[in-house]
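Enquirer: Below are the sequence and a predicted model for it; my questions follow.
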Amino acid sequence: FKAKWDGDADYTGSTSACEPFTVNKGTSSLATVLHNNATDAVIAENTALALGTNVHDQGTVTVTPSFAAPSSTTSVSFRFYTGATACADDTGFASGVLSTHVLDGANPGVAHPSSASGALAPGTYAFKAKWDGDANYTGSTSGCEPFTVNKGTSTVATTLHLPDHSTVALNSQLPANSILHDLATVTVTPSFAAPSSTTSVSFRFYTGATACTDDTGFASGVLSTHALDGANPGVAHPSSDSGALANGTYAFKAKWNGDANYTGGTSACEPFTILTPSEACSPGFWKQHPTLPPWTVPTSTLFGSVFNTSGVLIGKPDVLEGQSFATQSLLTILGLNGGKFNALGRLATSAYLDIQAGASYPMTQTALVTAVNAAFAHNDPDWGGIFTQLGAIQAQEEAGTLICPFDGNSQ
């Protein structure tokens, strides 16, 4: 300011000296809030997030004193850091991934959203924001906003196989000299990436089901490994095989140690039993001897009274094609021609009669009926490997290595 007096009749005028002063810019503070990019939900600092979460930032500029709104021609700069330490070390706001968003002209002023981080792998991350100020207010920089992304989880499911890769149900009873191997499927959650093909599944084979359940540390048994195939879910197949097995109980179990994105998992035990049959009779024997004895049930007993056929019909090329298995007698089923369910019917009937008559057969009646019922229910004659198991026993009969105790002749 400056003042002047022009004087009067008695005095000359005068002018004051200048009265300079300065108005400083106001100050600002910059607060930030993390958001889930998919839902816009607020994320607290230092939160542990799920694998694959996508994050963005929001900046709010508050100015003091409240003279004007932060200029809408200015922007907030955001930086994204792959590491909380990298953010803290960036005192000059010069590193990290940069994006900008203009202020909205309100007071306080909001800049939202920043560019998003993208779906994130496991690790520690941070955002930080800076406003350079405007004609009225000095700029400011926010604090770091650290957060963590956790690894996803995995499950390991396994399936027993015979050498031809047909499946074997858990707790199956198999003939002597059976050879098995294992297959493992690794399923990951959430679906961020496939289980790494540079990792392997470890398989262990145990001579005893109890040895498997006791091995909580996955440290005993015979070890083999197989790399995952890179698919999602990932498959490791086959394990090393068991070799030809004698009588006894056995089990497989598998473990995946995880990768950069997922924690590992261990499968449940897969127990099975090897029983050496010493007595059995062929389907042909039972068909040719339809009397009591050796039959212990009437030959007119309906197949459907023993097995649940789930509506499956007799197939080609038998003359009974299209008729129900359930309504045919056991003797009729023994005479069916053809393969698939017709063949399963013959083998299942013969096995049932062997067990009923007291032969030393490598399967209990309950296990037989349960397995055959499952095959019919799934419309697959070899569901759980039952057709393969019964066929292997028949092959021993045909080779003359099993004795039919009801006529004293090898079958």
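Expert: That came in fine, so what should we check first? Numbering: from 1, shown residues only.
Enquirer: Need the contact partners of stretch 65-74.
Expert: Residues from elsewhere that reach stretch 65-74 (Cβ atoms under 8 Å, 6 or more residues apart in numbering): 26, 28, 61, 63, 102-109, 131-137. (Glycine included, C-beta is placed from N, CA and C.)
Enquirer: from the residues you listed, which would you call buried?
Expert: By neighbour count, with 16 or more other Cβ atoms under 10 Å, those hold 26, 28, 61, 63, 103-104, 108-109, 131, 133-134, 136-137 as buried.
Enquirer: For residue 225, see how far away the residue nearest to residue 332 when sequence neighbours are not counted is.
Expert: Nearest residue to residue 332, sequence neighbours excluded (Cβ to Cβ, 6 or more residues apart in numbering): residue 320, at 7.4 Å. From residue 320 across to residue 225, the span is 50 Å (Cβ to Cβ, to the nearest Å).
Enquirer: and these two? which has more neighbours close in?
Expert: Between residue 320 and residue 225, residue 320 has the larger neighbour count (other Cβ atoms under 10 Å), namely 18 against 14.
Enquirer: quick one, what contacts that one?
Expert: Counted by Cβ under 8 Å, 6+ apart, residue 320 has contacts 314, 328, 332, 336.
Enquirer: Tell me the helix or strand right after the helix or strand encompassing residue 140.
Expert: Following DSSP states H and E, one finds residue 140 within strand 138-141. Beyond strand 138-141 in the direction of the C-terminus, DSSP H and E gives the next helix or strand as strand 145-149.
Enquirer: May I have the strands that pair with that next one, each with its orientation?
Expert: When pairing is defined by DSSP bridges, strand 145-149 lines up against strand 48-49 (parallel), strand 123-133 (antiparallel).
Enquirer: Pull it out as PDB, backbone CA atoms only.
Expert: C-alpha atoms of strand 145-149 as PDB (Å, rounded to 0.1, in the frame of the first residue of the first chain):
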ATOM      1  CA  GLU A 145      -0.100 -47.300   1.100                       C
ATOM      2  CA  PRO A 146       1.400 -50.800   1.600                       C
ATOM      3  CA  PHE A 147      -0.600 -54.100   1.100                       C
ATOM      4  CA  THR A 148       0.100 -57.800   0.500                       C
ATOM      5  CA  VAL A 149      -1.200 -60.300  -2.000                       C
END
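Enquirer: I'd like the next helix or strand past it.
Expert: strand 153-161.
Enquirer: if we can go back for a sec, let's see which of the contacts of stretch 65-74 end up in helices.
Expert: Per DSSP state H, helices hold no members of those.
Enquirer: So which of the residues you listed are in strands?
Expert: 28, 61, 63, 102, 109, 131, 132, 133 (DSSP state E).
Enquirer: For the residues you listed, give me CSV that also has distance to residue 124 and pLDDT.
Expert: As requested, those are exported to CSV (distance: Cβ to Cβ, whole Å; pLDDT from 0 to 100):
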residue, distance to residue 124, pLDDT
28, 29, 97
61, 27, 98
63, 32, 97
102, 30, 97
109, 30, 97
131, 25, 98
132, 28, 97
133, 31, 97
